[in-house]
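Visitor: Show me how the following folds:
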Amino acid sequence: MLNCFERGRAAPAWRGALALVWAGLLAAVLAGPLQAQQAQQVQQAQQAQQAQQATPAAALAKAVPAEQVEDDATARLTVQEYDWFDARRNRLVPVRLYLPNPGHDAAPGIGAGGGADAGGVATRALARPVPLVVFSHGIGGSRRGYSYLGRHWASQGWASLHLQHVGSDRGLWTGNPLAVAGRLQAAAQESEATARVADLSFALDQLLAGPLAGRIDASRIVAAGHSYGANTTLLAVGARVERAGRLLDLRDPRLKAAILISAPPFYGEASPERILGAISVPSLHITATEDIIRVPGYFSPATDRVAVFEATGGVAKTLAVFEGGSHSVFTDRAGTGGALLNPQIKAATQALSMAFLGSVFDGDASALGLWAQRFAGLLARTSIALP
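Guide: All right, here's what the predicted structure looks like:
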């Protein structure tokens, strides 16, 4: 079998890793250096995990309010962080929640009020719950990444729960720098690929069973992700691979749509249509003509992202290909892909995601077409198929 990065080059022995995008993973390394505060945050997460492991085994999970980042009465949103622990898998699942504030949730008739529960979790009384996006980061990322999306969605009335996958998060950049390659390869293994999907489902369990459950509309939940996170999203909405003669199905039926940014193919698998064809939820695929993964020994062109779109099942799927850009232009990094183009693509991505959500959940058939007209100067290609 040939390696999907470079035709004619033999695939490595670990080619069957589910969501790996070894080149995609390494390309995400280029998403920026570790910020000064990250080592301290990783240490805090480890301490939280140790403390939670000391709790009674009967407790499946424990929510620890790590930080209430923002709660301004004049702001459109509240940002909170929690360290949830899955005792069944012995795995920490840190999250950051962007939550619309009362009066800023795009729902009529919603008033202020509320308070805090006994655990210190901020709550507010709302006339009706808000929809939710669950976001999965690329390799080496964290719950604090892609904030330009989380804040925008919350400002438009959508809660956004950003996950941190501890087996493939920013912790990869700590420790002995000579061992980074080994840590990256470990993060690319099939066990981590499936664990990331389990993180997503576990986080949903916690949110929908916790004190903020009343704030969330469980009938309108969308999965989203970038790079490795896009692979996680694909698995969570119905992508299937065959192992030992059996189909491995990790689909979470609570997810009603998918937003896939820079989605790499499932390397080492023979047929993308066989893997992705079972997906039936509406999907939005976002990439750029320079969304290229190029590292020593591996190459994945932007056409790989388009191939994922074409292989994905479902009648309602949309593709947007920006002209230029880069693989990391969709992260929080400023300047990558062009100092002028970078903020334009980010703004267009924000608007596109909302147009897509409006078309899926509000029946606004014109939203995507109007978006394409508005941002035509940035686009190399679009494809819009509505249900």
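
Visitor: For residue 300, the count of nearby residues, please.
Guide: By other Cβ atoms under 10 Å, the residues close to residue 300 number 25. In this view, the C-beta of every residue, glycine as well, is placed from N, C-alpha and C.

Visitor: distance of it from residue 196?
Guide: Note on residue 300: its distance to residue 196, by Cβ to Cβ, to the nearest Å, is 19 Å.

Visitor: average pLDDT for stretch 319-335?
Guide: Looking at stretch 319-335 alone, the average pLDDT works out to 97.

Visitor: wait, residue 212 sits on residue 99?
Guide: Yes: with contacts counted by Cβ atoms under 8 Å, residue 212 reaches residue 99, the gap being 7.4 Å.

Visitor: Residue 144 - nearest residue in space that isn't next to it in sequence?
Guide: Closest residue to residue 144 in three dimensions, ignoring its sequence neighbours and counting by Cβ to Cβ, 6 or more residues apart in numbering: residue 96, at 6.0 Å.

Visitor: So the one you found lies in a helix, does it not?
Guide: No: when DSSP: H, G, I helix; E, B strand; the rest coil is applied, residue 96 is found to be strand, with no helix at that position.

Visitor: Residue 80 is in contact with that one, correct?
Guide: Yes: with contacts counted by Cβ under 8 Å, residue 96 reaches residue 80, the gap being 7.3 Å.

Visitor: the more surrounded of the two?
Guide: Relative neighbour count places residue 96 above the other of residue 96 and residue 80, with 24 against 19, counting by other Cβ under 10 Å.

Visitor: Name whatever forms a beta bridge with the more buried one.
Guide: Note on residue 96: beta-bridge partners residue 81, residue 162, judged by DSSP bridges.

Visitor: which outside residues touch the helix or strand where residue 223 lies?
Guide: When secondary structure is defined by DSSP states H and E, residue 223 falls within strand 216-226. Taking Cβ atoms under 8 Å, 6 or more residues apart in numbering as the criterion, the residues outside strand 216-226 that touch it are 128-138, 146, 149, 159, 200, 204, 207-208, 231-233, 236-237, 252, 254-262, 330-331, 353, 357, 360-361.

Visitor: The same query, at a cut-off of 7 Å, please.
Guide: Counting by Cβ atoms under 7 Å, 6 or more residues apart in numbering, the neighbours of strand 216-226 from elsewhere in the structure are 129-138, 146, 159, 200, 207-208, 232-233, 236-237, 254-262, 330-331, 357, 361.

Visitor: tell me the average confidence for that strand?
Guide: Model confidence over strand 216-226, given as mean pLDDT, is 98.

Visitor: export the very next helix or strand once past it as CSV, just CAs?
Guide: Following strand 216-226 in sequence order, the next helix or strand is helix 228-236 (DSSP H and E). Listed in CSV are the C-alpha atoms of helix 228-236, where the atom choice follows Å, rounded to 0.1, in the frame of the first residue of the first chain:
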residue,chain,number,x,y,z
TYR,A,228,-6.1,16.2,13.8
GLY,A,229,-9.2,17.7,15.4
ALA,A,230,-11.0,17.4,12.1
ASN,A,231,-10.2,13.7,12.0
THR,A,232,-11.6,13.4,15.5
THR,A,233,-14.7,15.1,14.4
LEU,A,234,-15.1,12.8,11.4
LEU,A,235,-14.9,9.8,13.6
ALA,A,236,-17.4,11.2,16.0
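
Visitor: Noted, bye for now.
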